[in-house]
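Visitor: quick one: sequence and predicted model below, then my questions.
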Amino acid sequence: MQHPGHSRPAADGFDFSALRRFPDVEAANLFAHDATDELILTGAGGFLAALAATPDAGSVAVVGDRYGALALGAAAIHGLTGLRVHQDALSGELALAANAKRLGLSHSYRSLPLTAELFAGTTVVLWQLPRSLDELEETAALIRAHGAPGVQVVAGGRVKHMALAMNTVLARHFQDVVPGRAWRKSRLLRVVGPRQEAPASDFPRQEFNDALGLWLCAHGATFGGTKLDLGTRFLLEFIPEMRSTAAAIDLGCGNGTIAAALAKARPGLRVCATDQSASAVASAAATAEANGLGDRIAAVRDDALAGFPMASAELVVLNPPFHVGASVHAGIALKLFDAASRVLAPGGELWTVYNRHLDYRPQLEERVGPTQVMGRNPKFSVARSTKN
């Protein structure tokens, strides 16, 4: 096996440039693969080649694959099938499916949730490391508990997003965590030796928020974890001014704070909490159940309301992200504004909170309808847009 620091990784047999991000945001500065993908495939090359010639060819799990570079690279280079893949983002899952179809590799993998089934008996795990330590912890605990005793974890990330705290988390679950040399601003970690004495997973975690009087629950990949986002907290002050309706949508629901607060404040209201993150949807469902609101909150995984009928909603509430992956980019917010506009009925309201410096009002006016800034504090603005 070639050491990742010696030269350019040998990812012959796969054209990374053929990958697309669609239906995720596409732009000149956003890419469907990075050097980490090539580094991981090279670092795991010996293991994958050996598996391809054995009955265990289906014992490979892939985690954190952005748009299919790892899964499709392993399939194309080594002829592997039966790959088990988990991507938290639905847009990534859809992009993988589209890339696989275009490259004739749809038969090579299946998408699975982040559960025991993903890692049951796996002997090799390819892992694009997350930036969140909670997500790292939840995934490591599952690999350790359900992977084969000799499971080989070949993980990697961008150097600027890696920290020694990651090694500490991984060392709680594995005996050896061995870093490789950096290559094109990426670095590899080899992780082996599952610890039998490691603690069981405690996800989803939950924390009581005194200000809201609600339990907030979160799986590891959920943005903000169990904490109350400051922008969300400001937005919730405006619940009394929001349109009176029988149903509402919490778009980009995260841990389900907005959905739970709406349902608690309005006993007759039914809320759909929707997000493209599998972790967020599971967290929102857990938050609803923890607060006795499970009968009025439905948690749905969906990419930008694609599964919702046009002109079917009267109230949408949104705290949009200002980043795409690790890149600061307004594209996802604009995509969600367009989604809300499509789903809102005439006269319906979109309530949005955003960082003051972003000044989304002109975009909301153009994409949704007449927009009024309902409140400002030193960090955030809250706007109400009415569908034309």
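Guide: On my side now, so go ahead. Numbers count the residues shown, from 1 in each chain.
Visitor: where does pLDDT dip in the stretch 1-150 of the chain?
Guide: 1-12 (pLDDT under 70).
Visitor: ranges for the helices of it?
Guide: Along the stretch 1-150 of the chain, counting by DSSP state H, counting those that start in this stretch, helices occupy 35-43, 45-52, 69-78, 90-103, 116-119, 133-146.
Visitor: likewise for the stretch 201-350 of the chain?
Guide: Per DSSP H, counting those that start in this stretch, the stretch 201-350 of the chain carries helices over the ranges 230-236, 257-265, 278-290, 331-343.
Visitor: figure out which of those is closest to residue 187.
Guide: helix 278-290 (24.6 Å; C-beta to C-beta). (C-beta placed from N, C-alpha, C; glycine too.)
Visitor: what angle sits between the closest one and helix 90-103?
Guide: Relative orientation of helix 278-290 versus helix 90-103 (axes from the mean of the first three to the mean of the last three C-alpha atoms, to 10 degrees): 140 degrees.
Visitor: give me the helices and strands touching helix 278-290, please.
Guide: Helix 278-290 sits against strand 205-209, strand 214-218, helix 257-265, strand 270-275, strand 297-301, with contacts defined as 3 or more C-beta pairs under 8 Å, 6 or more residues apart in numbering; DSSP states H and E.
Visitor: phi, psi of the spatially closest residue to residue 359 that is not a sequence neighbour?
Guide: Counting by C-beta to C-beta, 6 or more residues apart in numbering, residue 381 is the residue found nearest to residue 359 once chain neighbours are left out, at 7.9 Å. Main-chain dihedrals, residue 381, degrees, to the nearest 10: phi -120, psi 140.
Visitor: follow-up on the earlier one: could you dump the helices of the stretch 201-350 of the chain to a markdown table with mean neighbour count and distance to residue 309?
Guide: Listed next are the helices of the stretch 201-350 of the chain as a markdown table, based on neighbours: other C-beta atoms under 10 Å; distance: least, C-beta to C-beta, whole Å:
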| stretch | mean neighbour count | distance to residue 309 |
| --- | --- | --- |
| helix 230-236 | 20 | 25 |
| helix 257-265 | 25 | 20 |
| helix 278-290 | 25 | 20 |
| helix 331-343 | 21 | 7 |
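Visitor: pipe the ones you listed into a markdown table and attach distance to residue 46 and mean pLDDT per row.
Guide: What follows is these, written out as a markdown table (distance: least, C-beta to C-beta, whole Å; pLDDT from 0 to 100):
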| stretch | distance to residue 46 | mean pLDDT |
| --- | --- | --- |
| helix 230-236 | 47 | 97 |
| helix 257-265 | 46 | 98 |
| helix 278-290 | 31 | 98 |
| helix 331-343 | 38 | 93 |
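Visitor: which of those helices sits closest to residue 377?
Guide: Nearest to residue 377 among the helices of the stretch 201-350 of the chain is helix 230-236 (5.8 Å), distances taken as C-beta to C-beta.
Visitor: residue 313 is in contact with residue 344, isn't it?
Guide: Yes. Counting by C-beta atoms under 8 Å, residue 313 touches residue 344, with 5.5 Å between them.
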